[in-house]
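Undergrad: Here is my input; please provide its structure:
(chains A and B)
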There are 2 protein chains.
Amino acid sequence: MTSTIFDFVGDNSGEWQVTSMTAYKGNPIESVSHLTKVPLGDLSQSEKGIWSFKGIISNLRYTEKEEKDKLTAIQEDLGRKNATLAAFIPIRKSETWWNLAQDERRKIMESKSKHTQTGMKYLPAIARKLFHSRDIGEAFDFLTWFEYAPADAEAFEELLDTLRKTEEWTYVNREIDIRLKKV
Amino acid sequence: MTSTIFDFVGDNSGEWQVTSMTAYKGNPIESVSHLTKVPLGDLSQSEKGIWSFKGIISNLRYTEKEEKDKLTAIQEDLGRKNATLAAFIPIRKSETWWNLAQDERRKIMESKSKHTQTGMKYLPAIARKLFHSRDIGEAFDFLTWFEYAPADAEAFEELLDTLRKTEEWTYVNREIDIRLKKV
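TA: All right, here's what the predicted structure looks like:
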């Protein structure tokens, strides 16, 4: 069975080398030189390291049928050989966001901020994966992970820049931007 | 801070006395005489007992603004003195359900099965609380908890009967129905 629970471990050695770490919004986290994504059997397990953040893969919570079909048709998995660059971006959204109803959040994410549409524009080049952390009592709400080839580095900056200018992003109150290079 | 992580512990003694246990759909679980709802600090903690199931309180995932406002206005919290009866009903939904997109699930739950509307009809008498278990690798997807006064026992059976006849319920492939009486 494929694991759905992961620990992202920052340490002095590991799978990915950290090329930059920026506290884009809110308090920073301790600097590390490497990061490893470790599948866990269950949530009671914990990896060592300078720090670690757990996240779980869940069902899609906003994506509608038509979008889901398009995504499934074009997105690619993590772990492609040529995807030697990655970004690990833990984010937290405000209480105001979480107190909104489902249709209000969907409206801000899609009708106004075009989150899925924007991401889709960069598929399959920029592979994305979302890990949920809020419900399991972690410091961040989401751990977002992106993987791409060096040739698509510029496109990735464009994607990130577009998302950060959306109305949805005004609800993000903590965001750490960690860039990585495959060891 | 209020806990959002709970362990429901079945044992030989506890907070609630088990008056009946029925495997309504799928495999049964071991019989116990008592059940206790224990708040946990984090998911690495575990309670002893004959069995225990963990669940977390999360944001509302389908409720729209208008429904949310109505619910907030009339629902009451767990723990009312006269609510001496309870039901603990762990359920699991099929993979077919989880592979549906958000709008397809919402359509089945609300437009067709009127889940929220039905529950609302029995508020504030039947207090309800939903605990999420699927994403944390538990045996069930949801642990549902109901509390009511003996005078509302008949209304509770009616509510349950209505929900079980919906299209939504055709996706439930495991359901244990445990009835409880405050010790």
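Undergrad: Now do the SS call for the residue most central in space within chain A.
TA: When CA atoms, centre = their mean is applied to chain A, the residue found nearest the centroid is A:Thr144 (0.5 Å). The local conformation at A:Thr144, judged by DSSP: H, G, I helix; E, B strand; the rest coil, is strand.
Undergrad: Could I get the full set of helices for chain A?
TA: Here chain A has its helices, by DSSP state H, at A:65-74, A:95-98, A:102-106, A:115-121, A:153-164.
Undergrad: Near A:Glu67, how many residues? Count them for me, please.
TA: 19 (other CB atoms under 10 Å in any protein chain shown). For glycine as for every other residue, the C-beta is placed from the backbone atoms N, C-alpha and C.
Undergrad: my guess is it meets A:Thr116, correct?
TA: Yes - if you go by CB atoms under 8 Å, A:Glu67 and A:Thr116 touch, sitting 5.1 Å apart.
Undergrad: Tell me what the residue nearest to A:Phe131 when sequence neighbours are not counted is bridged to.
TA: Sequence neighbours aside, A:Gly55 is the residue nearest to A:Phe131 in space, at 2.6 Å (criterion: CB to CB, 6 or more residues apart in numbering or on different chains). The partner list for A:Gly55 in beta bridges (DSSP bridges) reads A:Phe6.
Undergrad: any idea of the pLDDT on A:Gly55?
TA: At A:Gly55, the pLDDT value in this model is 96.
Undergrad: Could you pull up the residues touching it?
TA: Each residue near A:Gly55 by CB atoms under 8 Å, 6 or more residues apart in numbering or on different chains is listed here: A:Ile5, A:Phe6, A:Phe8, A:Phe131, A:His132, A:Ser133, A:Glu138, A:Phe142, A:Leu143.
Undergrad: With A:Glu147 instead?
TA: A:Leu78, A:Gly79, A:Arg80, A:Ala83, A:Leu85, A:Ala86, A:Ile126, A:Ala127.
Undergrad: Of all pairs in those, which one is the farthest apart?
TA: With CB to CB as the measure, no two of the contacts of A:Glu147 lie farther apart than A:Gly79 and A:Ile126, at 14.1 Å.
Undergrad: In terms of packing, which of these two has more residues around it?
TA: A:Ile126 (24 against 8).
Undergrad: That one reaches A:Glu157, doesn't it?
TA: No - with contact defined as CB under 8 Å, A:Ile126 does not reach A:Glu157; the gap is 10.4 Å.
Undergrad: what sits in contact with each of these two?
TA: By CB under 8 Å, 6+ apart, A:Ile126 and A:Glu157 have no common neighbours.
Undergrad: what's the most buried one of the helices of chain A?
TA: Highest mean neighbour count of those: helix A:102-106, a mean of 18 (counted as mean count of other CB atoms under 10 Å in any protein chain shown).
Undergrad: and that one, does that touch chain B?
TA: Yes - judged by CB under 8 Å from any CB of the partner chain, helix A:102-106 comes into contact with chain B at A:Gln102, A:Asp103, A:Glu104, A:Arg106.
Undergrad: what does that helix rub up against?
TA: A:Tyr62, A:Trp97, B:Leu60, B:Arg61, B:Tyr62, B:Thr63, B:Glu64, B:Lys65, B:Gln102, B:Arg106.
Undergrad: Check these and tell me the two furthest apart.
TA: A:Trp97 and B:Arg106 (19.3 Å).
Undergrad: so how far is the first residue of stretch A:103-123 from its last?
TA: End-to-end distance of stretch A:103-123 (CA to CA, to the nearest Å): 26 Å.
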